[in-house]
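Trainee: Any chance you can model this:
(2 chains)
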Amino acid sequence: MDIRQRLSPVVRDLPPSGIRRFFDLASQMDDVISLGVGEPDFVTPWHIREASLYALERGFTTYTSNRGLPQLCEAIADHLTRYALSYDPAREVLVTVGGSEAIDLAFRALICPGDEVLLPVPTYVSYRPCALLAGAVVRDVPTYAEDGFRLTAEMLRRFITPASKVLVLCYPNNPTGAIMTREDLESVARVVIDNDLLVISDEIYADLTYGREHASIAAISGMKERTVVVSGLSKAYAMTGWRIGYVAAPEEILEPMLKIHQYTALCAPSMSQMAALEAFRNGEQEKQKMVESYDRRRRLIVEGFNRIGIPCHAPQGAFYAFPDIRPTGLTSQAFAEALLQQMKVAVIPGDVFGETGEGFIRCSYATSATQIQMAIERIGEFVHGLLR
Amino acid sequence: MTEEKKHEILRLLHTNSRLSTEAIATMLGESPEAVSEVIKTYEEERVILRYSAVVDWDKVESGRITAVIDVKVVPQREVGFDAIAERIYRFPEVKSVYLMSGAYDLQVIVEGYDIKEVSRFVSERLATIENVNSTTTHFMLKTYKEAGVIFDDGEGDRRLVISP
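Mentor: Sure, this is the predicted structure:
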């Protein structure tokens, strides 16, 4: 029996993640300095962990409602007000198993087979497969270094077809660190409304911006009704392993998402929800300390790359630098592989995030200043060897 | 440079005194000269007293003893506790001296290489100082945390080498 022929063709034909191959390569080596990590280097602040321990001690180990703990939904709605977003916690908020589940739910609730999803690239690696699994056709909308990797209304308009239905936004962006200003979003919103599109806006890095406040497209007039805001606590509160994400959307969109969630995940882990509640209630100070620390390391890595002759725009959000390695003449895959083999520095080749990521590498600065400096020294040595 | 940034320099050096002036300058968006000037001023004003490392001595030396001694004294006219405190902190064995509120007056931390050495210091040097009324000596058994650093911290970087 050829089991492959009996698998779902959609899953069978999904290409493996480009990140996976580098993980396999890097994990076979010792003493690797990793700039390849997409998560904070902080351990979850102790008071948050302690809240979860307390919940466990009190036997808080049961299911919660499908939607999530009411007090957590309230805390989420309250948190979103800082981005001028207003949601009813009882009807318009859903707690999910990480931001990843939220993205999957959004695609499954919105997509009919054959619908087109517009994906500004370079972008986070999971949107495309999740959209494909939901039966969508994915159309890449390029963004360029020259525009600071921001999506422009002109470019979006150029890629819309009659089948276009959903636009995915991820700002602050993984992997480029780009953000969108309110003015940028307003011009994009006009195109979205003119073409009757829906938006999935992944705002998981919203709290991690440097020098500029995050703006949400859902806060723009006429956009809330057609936008699903996806977020979670993984990045800003250093809570990746807890798997707590959330969705905020109008009830008409949230209800179908809740239906899928209730039949698949049922609810997010209850002890993690208790930790998340503590994070929202008392985590602001610790979060700010982490943001300040990322900001300092951001300056260090950007200055370091520019000093060794690798042009690097200053990212304004998330914790990734996206330096331009085109002066070396190597492809991003060749660069990353040779850098790993010769200098034991792990970075992610930009092409795995989409076509316009080619010629760039993603470097996480969620690592110590010492590691960043060592990595820059090694990359400098590597690059000078190439350019000599 | 703003006061906040100046204090940030202190915080950075307090966490890692080996950070270079250039790295601090880059992280704060200032020039190395400006950072250097601030550090120099802090040193001159004795805000920065010394650069040192937090060391887990138990890993490299056995038999090292630290004692915390509660000392009750009679404060003296005009100089209060200061004169006695000075007589105590001048001894090289004494690592720290604090004036305390509560059940006793001075907390004295003494380091030595065995219990006898510390005991002799307490009975022959410390307890015999005029106006020292009593001493209570506690020997430290294990250091779990010092100067904000958790010893034998099990919270190393557990992240995978590469993740999305």
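
Trainee: in the helix or strand bottoming out on mean pLDDT in chain A, what counts as buried?
Mentor: Lowest mean confidence among the helices and strands of chain A (mean pLDDT, DSSP states H and E): helix A:18-27, at a mean of 85. Residues A:18, A:19, A:22, A:23, A:25, A:26 are the ones in helix A:18-27 that count as buried (16 or more other Cβ atoms under 10 Å in any protein chain shown). Glycine gets a C-beta too; all of them are placed from N, C-alpha and C.

Trainee: again with stretch A:177-189
Mentor: A:177, A:178, A:179, A:180, A:182, A:184, A:185, A:186, A:187, A:188, A:189.

Trainee: which one of those residues is nearest chain B?
Mentor: When those are compared for distance to chain B (Cβ to the nearest Cβ), residue A:177 wins out at 15.2 Å.

Trainee: is it true that the closest one touches residue A:302?
Mentor: No - using Cβ atoms under 8 Å, residue A:177 makes no contact with residue A:302, being 9.5 Å away.

Trainee: list residues touching both of those two?
Mentor: When contacts are counted by Cβ atoms under 8 Å, 6 or more residues apart in numbering or on different chains, residue A:177 and residue A:302 are jointly contacted by A:315, A:321.

Trainee: Any residue of the one helix or strand residue A:54 maps to touching chain B?
Mentor: In the assignment (DSSP states H and E), residue A:54 maps to helix A:46-57. No - against chain B, helix A:46-57 shows no contacts by Cβ under 8 Å from any Cβ of the partner chain, the least distance being 9.8 Å.

Trainee: Could you identify the helix or strand that succeeds that helix?
Mentor: Using DSSP H and E, the helix or strand that follows helix A:46-57 in sequence is helix A:70-80.

Trainee: who's in contact with that following helix?
Mentor: Contacting residues not belonging to helix A:70-80 are listed as A:67, A:86-90, A:92-95, A:229, A:246, A:248, A:273, A:276-277, A:280-281 [Cβ under 8 Å, 6+ apart].

Trainee: residues of that helix that come out buried?
Mentor: Neighbour counts over helix A:70-80 (16+ other Cβ under 10 Å) mark A:72, A:73, A:74, A:75, A:76, A:77, A:79, A:80 as buried.

Trainee: quick revisit: hmm, which of the contacts of helix A:70-80 are the buried ones?
Mentor: Neighbour counting with 16+ other Cβ under 10 Å marks A:67, A:87, A:89, A:92-95, A:229, A:246, A:248, A:273, A:276-277, A:280 as buried within those.

Trainee: Please enumerate the helices of chain B.
Mentor: In chain B, the segments counted as helices under DSSP state H are B:3-15, B:21-28, B:32-44, B:82-89, B:115-120.

Trainee: Can you lay out these as CSV showing mean neighbour count and mean pLDDT?
Mentor: Formatted as CSV, these follow (neighbours: other Cβ atoms under 10 Å in any protein chain shown; pLDDT from 0 to 100):
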stretch, mean neighbour count, mean pLDDT
helix B:3-15, 14, 96
helix B:21-28, 22, 97
helix B:32-44, 15, 98
helix B:82-89, 16, 96
helix B:115-120, 14, 93
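
Trainee: and chain A, which of the ones you listed is closest to it?
Mentor: For chain A, the closest of these is helix B:21-28, at 3.6 Å, according to Cβ to the nearest Cβ.

Trainee: Mind checking what secondary structure the closest residue to chain B within the stretch 101-250 of chain A has?
Mentor: Taking Cβ to the nearest Cβ as the measure, the stretch 101-250 of chain A has residue A:125 as its residue closest to chain B, at 5.4 Å. Of the three states, residue A:125 takes coil according to DSSP: H, G, I helix; E, B strand; the rest coil.

Trainee: Tell me the residues of chain B that contact chain A?
Mentor: B:12, B:16, B:19, B:23, B:26-29, B:155, B:157, B:159-164.

Trainee: so residue A:312 touches residue A:325, yeah?
Mentor: No - with contacts defined as Cβ under 8 Å, residue A:312 does not count as touching residue A:325, sitting 9.7 Å away.

Trainee: These two - which one has more neighbours?
Mentor: Neighbour count, other Cβ atoms under 10 Å in any protein chain shown: between residue A:312 and residue A:325, residue A:325 has more, with 28 against 22.

Trainee: Looks like the more buried one contacts residue A:362 (just checking).
Mentor: No - in this structure residue A:325 lies outside contact range of residue A:362 using Cβ under 8 Å: 11.0 Å.

Trainee: coming back round to it: what's the closest of the residues of chain B next to chain A to residue A:355?
Mentor: Of all these, residue A:355 sits closest to residue B:164, with 18.1 Å by Cβ to Cβ.

Trainee: nearest spatial neighbour of residue A:171, skipping sequence neighbours?
Mentor: Nearest non-adjacent residue to residue A:171, counting by Cβ to Cβ, 6 or more residues apart in numbering or on different chains: residue A:180, 4.5 Å away.

Trainee: surely that neighbour meets residue A:186?
Mentor: No - counting by Cβ under 8 Å, residue A:180 sits too far from residue A:186 to count as a contact (9.8 Å).

Trainee: which element is residue A:287 on?
Mentor: In this assignment (DSSP H and E), residue A:287 forms part of helix A:284-307.

Trainee: How about residues contacting that helix?
Mentor: So helix A:284-307 is contacted by A:40, A:42, A:45, A:47-48, A:207-208, A:210, A:236-238, A:279, A:311-315, A:319, A:321, A:323, A:363, A:365-369, A:372-373, A:376, A:379-380, B:12, B:23, B:26-29 (Cβ under 8 Å, 6+ apart).

Trainee: next one: stretch B:97-106
Mentor: B:70-73, B:75, B:81, B:84-85, B:88-89, B:107-109, B:136.

Trainee: Apply 7 Å and report the result again.
Mentor: B:70, B:71, B:72, B:73, B:81, B:85, B:88, B:89, B:107, B:108 (Cβ atoms under 7 Å, 6 or more residues apart in numbering or on different chains).

Trainee: And the residues you listed, which of them are buried?
Mentor: Those of the contacts of stretch B:97-106 that meet the buried threshold are B:70, B:71, B:73, B:81, B:85, B:88, B:107, B:108, by 16+ other Cβ under 10 Å.
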